[in-house]
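Trainee: sequence first, predicted model second:
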Number of protein chains: 6
Amino acid sequence: MIYLTRRVEFSASHVLRNPGFSDEENRKIYGECANPHGHGHNYVLEVTLGGEIDPKKGFFMNVVELKHILDEEIIGRLDHRNISVEVPYFREHVATSENIAVWIWRLLVERIDRRMLYRVRLFESSNNYVEYFGE
Amino acid sequence: MIYLTRRVEFSASHVLRNPGFSDEENRKIYGECANPHGHGHNYVLEVTLGGEIDPKKGFFMNVVELKHILDEEIIGRLDHRNISVEVPYFREHVATSENIAVWIWRLLVERIDRRMLYRVRLFESSNNYVEYFGE
Amino acid sequence: MIYLTRRVEFSASHVLRNPGFSDEENRKIYGECANPHGHGHNYVLEVTLGGEIDPKKGFFMNVVELKHILDEEIIGRLDHRNISVEVPYFREHVATSENIAVWIWRLLVERIDRRMLYRVRLFESSNNYVEYFGE
Amino acid sequence: MIYLTRRVEFSASHVLRNPGFSDEENRKIYGECANPHGHGHNYVLEVTLGGEIDPKKGFFMNVVELKHILDEEIIGRLDHRNISVEVPYFREHVATSENIAVWIWRLLVERIDRRMLYRVRLFESSNNYVEYFGE
Amino acid sequence: MIYLTRRVEFSASHVLRNPGFSDEENRKIYGECANPHGHGHNYVLEVTLGGEIDPKKGFFMNVVELKHILDEEIIGRLDHRNISVEVPYFREHVATSENIAVWIWRLLVERIDRRMLYRVRLFESSNNYVEYFGE
Amino acid sequence: MIYLTRRVEFSASHVLRNPGFSDEENRKIYGECANPHGHGHNYVLEVTLGGEIDPKKGFFMNVVELKHILDEEIIGRLDHRNISVEVPYFREHVATSENIAVWIWRLLVERIDRRMLYRVRLFESSNNYVEYFGE
């Protein structure tokens, strides 16, 4: 069993607000991230797969293939976007890094065998990141 | 003469659009950065001052003092903001990194002796940055 | 279950010496780190918590709250300090990264639910780090 | 139980080709990495050990000792080398990062107690890495 | 006048040998880089242009246009290549970082106005880089 | 004319205090850096030389030679040291980054032709650095 990780980057904006909370509650819960005009990040996404090495090829998946999947499924949807406005799911769910990571997992598991998908790690900045393992 | 640089970071969103251009022109000139919903970055700002070392203190300005100026003048205005919407100057000027760097210079030169201010460097991402030397 | 990590930095000095060892033994065991005048590092601390996402808030703990705990419990005690001299515990225990990581864990577990605290990772330099999971 | 990681770097070249495949197959499987003239990387290797802290020394292995083992066993064999040509094992196996990581594990387990060796992580570039845990 | 920098990366191999020197001289001058089988790097190239901001567009050149030029002129020629073997110029000149930087400058000056091209910076590793300003 | 930069790292401690100032003045001028027990950093030093490429060798100085000079002159004196206590010059001068950079320049100019030595850059942390050009 070997683990393969690919890192990609996307630039996006978001707002942390739950319309079910009052303005005051949103400000208290999310601080300056609740600014209704939004703000943004250079997000860094690392996706890790696990598999058994094919002895002839020397890998279980070419990292370029993984890159193509990430470009199609994630970068195409999030890069240079306002996540809270343009991604339907995040019109109804707060676009925290935690929720974005789970949403990325659910998209990837449609394309990648569930037994192979190991971890989604999402950096909002160099100082904060979240990880999701599918359960 | 010695040069002192302080690095700070802010997370902001922006849109690259000149209302004087048509939608098609904006899209052609700015590409996906013209997305009217905006997108964002973890900007990194490096400000460099030059001065003569005070022989008793061993510096010409304490880097903590420079940090306070940057926090007050720049971070307070840009961090967790939508630059194109919330900063009055950028309602009338396109919020490119180039224009933001010149705008930062002009704010800083109100607080820091012009002969001491040497360079403003602004990273929009790890792969792109601009520099302005005041002329 | 999602994992949230916050990274903070502190600048400190230390000496690696066990007074129970002879000078020669200390030099043999700790090499140049045994220099009695001390030396220092820009330590980087990453603390990881695990929890279930609150569906309304979109997280289990605001990363800013985690930052405040780290500032109060760790940064306030270690930043710009001589760990081997100023931290009582390390007057009686060698201030290796391994021991500092365990000491950080014990401080944090007083503030953070044990079931939530997942990992303490401490970088002494860009080339060396230790990790502790509480057992 | 504490985990200790040491990071080292080596510069090497390789070719991804399996002589059992046709040129066309190699090109299809490995893309531009199949270029028979080779290409190269600044590989970054992180090796993680796990052990119990010796209460007198404050560690289970001095990180300098780990560095010496990595220098002797890995850097000496791979740094400034053409892996596909100069390392006998990789004349018969494709020098993918996956295969290199497993090969590094097998060399290290000759020098380091199997119960102590926890993980080999190998970065081919800042965007791709593999991990092997010995099984 | 503002300066714009774009960073790109390429993975390549090379050998440092001057056929006009004996093997012993090559080994003495270039050390382990003289290994005739070659070795490689993840090179990082930063190209800096200087120009006056177009007041309508907010820049003098779109960084995406600069990226396209670098992809066509440099990445296409060097990425996943053996520079010493596959680039005609480096069959007759030693492929040091210094010579590669000057060669990159000469290619770029065919595409970019000489008065706009300011600096070529080439990192061979995170610890070594060279810079060329055209004279 | 080409510029060559080598980066090296050293771990050291220091105290910012001028015995000619009162304790209160030292605390006011240097803040928490005045802590008499000291604190420390992983300093990063970048030294840049400029020269004309030797057409046969493809460089004006081998970067390995520059590394040896830095190891002998700087790393040997500062790494794993308490700069304020163990370096005679800094018993009488405050060990600010500014003063250390000038001191490094003066040591290097004894070994490297003054016309070749271009810049000393010293990072105290990832957020602060100073530069000295010899005048």
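Mentor: Perfect, thanks for sending it. Residues are numbered from 1 along each chain as shown, chains lettered A, B, ... in the order given.

Trainee: what bridges to the residue in chain A that chain B sits nearest to?
Mentor: Nearest residue of chain A to chain B: A:Gly40, at 0.7 Å (Cβ to the nearest Cβ). Backbone N, C-alpha and C define where each C-beta goes, glycine included. Counting by DSSP bridges, A:Gly40 forms beta bridges with A:Ser13.

Trainee: that one touches B:His39, doesn't it?
Mentor: Yes. If you go by Cβ atoms under 8 Å, A:Gly40 and B:His39 touch, sitting 5.9 Å apart.

Trainee: in which helix or strand would I find the residue nearest to the spatial centre of chain A?
Mentor: By Cα atoms, centre = their mean, chain A has its centre lying nearest to A:Ala101, at 3.9 Å. Assigned by DSSP states H and E, A:Ala101 belongs to helix A:97-108.

Trainee: how about that helix and chain C, any contact?
Mentor: Yes. Interface with chain C: helix A:97-108 contributes A:Ser97, A:Glu98, A:Asn99, A:Ala101, A:Val102 (Cβ under 8 Å from any Cβ of the partner chain).

Trainee: tell me the pLDDT of the closest residue to the third one other than its chain neighbours.
Mentor: Right, A:Asn99. Setting aside the residues directly before and after it, A:Asn99 is nearest to C:Gly58 in space (Cβ to Cβ, 6 or more residues apart in numbering or on different chains), at 4.7 Å. On pLDDT, C:Gly58 comes in at 98.

Trainee: neighbours of C:Gly58, how many?
Mentor: Counted with other Cβ atoms under 10 Å in any protein chain shown, residues neighbouring C:Gly58 total 21.

Trainee: ok, now which ones touch A:Met39?
Mentor: Just so we're on the same page, residue A:39 is His rather than Met. A:His39 is in contact with A:13-15, A:32-33, B:11-13, B:40, B:79-82, counting by Cβ atoms under 8 Å, 6 or more residues apart in numbering or on different chains.

Trainee: which residue sits closest to it in space, ignoring its chain neighbours?
Mentor: Going by Cβ to Cβ, 6+ apart, A:His39 has B:His80 as its nearest residue, at 4.4 Å.

Trainee: picking up where we left off before, the residue nearest to A:Asn99 contacts A:Glu98, doesn't it?
Mentor: Yes. If you go by Cβ under 8 Å, C:Gly58 and A:Glu98 touch, sitting 5.9 Å apart.

Trainee: returning to that earlier point: list residues touching both of A:Gly40 and B:His39?
Mentor: With Cβ under 8 Å, 6+ apart as the test, A:Gly40 and B:His39 both reach A:Ser11, A:Ala12, A:Ser13, B:Ser13, B:His14.

Trainee: kindly indicate which of those lies nearest chain E.
Mentor: B:His14 (10.7 Å).

Trainee: might one say that the closest one is in contact with B:Ser84?
Mentor: Yes. Taking Cβ under 8 Å as the definition, B:His14 is a contact partner of B:Ser84 at 4.8 Å.

Trainee: tell me the buried residues in stretch A:102-120?
Mentor: Using 16 or more other Cβ atoms under 10 Å in any protein chain shown as the burial criterion, the residues of stretch A:102-120 that qualify are A:Val102, A:Trp103, A:Ile104, A:Trp105, A:Leu107, A:Leu108, A:Ile112, A:Met116, A:Leu117, A:Tyr118, A:Arg119, A:Val120.

Trainee: most distant residue from the middle of chain A?
Mentor: By Cα atoms, centre = their mean, chain A has its most distant residue from the centre at A:Lys56, 32.6 Å.

Trainee: since we're on the closest residue to that one other than its chain neighbours, how many residues are nearby?
Mentor: Residue nearest to A:Lys56 in three dimensions, not counting chain neighbours: D:Asn18, with 6.0 Å by Cβ to Cβ, 6+ apart. Neighbour count of D:Asn18, defined by other Cβ under 10 Å: 18.

Trainee: on the three-state scheme, D:Asn18 is what?
Mentor: coil (DSSP: H, G, I helix; E, B strand; the rest coil).

Trainee: shouldn't it be in contact with A:Phe59?
Mentor: No. With contact defined as Cβ under 8 Å, D:Asn18 does not count as touching A:Phe59 (11.3 Å).

Trainee: what is the mean pLDDT for the host helix or strand of A:Ser11?
Mentor: For A:Ser11, the element it lies in under DSSP H and E is strand A:2-14. Averaged over strand A:2-14, pLDDT sits at 98.

Trainee: just the terminal-to-terminal distance for stretch A:120-135.
Mentor: By Cα to Cα, to the nearest Å, the extent of stretch A:120-135 from end to end equals 12 Å.

Trainee: so which bits of it are buried?
Mentor: For stretch A:120-135, the neighbour count (16+ other Cβ under 10 Å) marks A:Val120, A:Arg121, A:Leu122, A:Phe123, A:Glu124, A:Ser125, A:Asn127, A:Asn128, A:Tyr129, A:Val130, A:Glu131, A:Tyr132 as buried.
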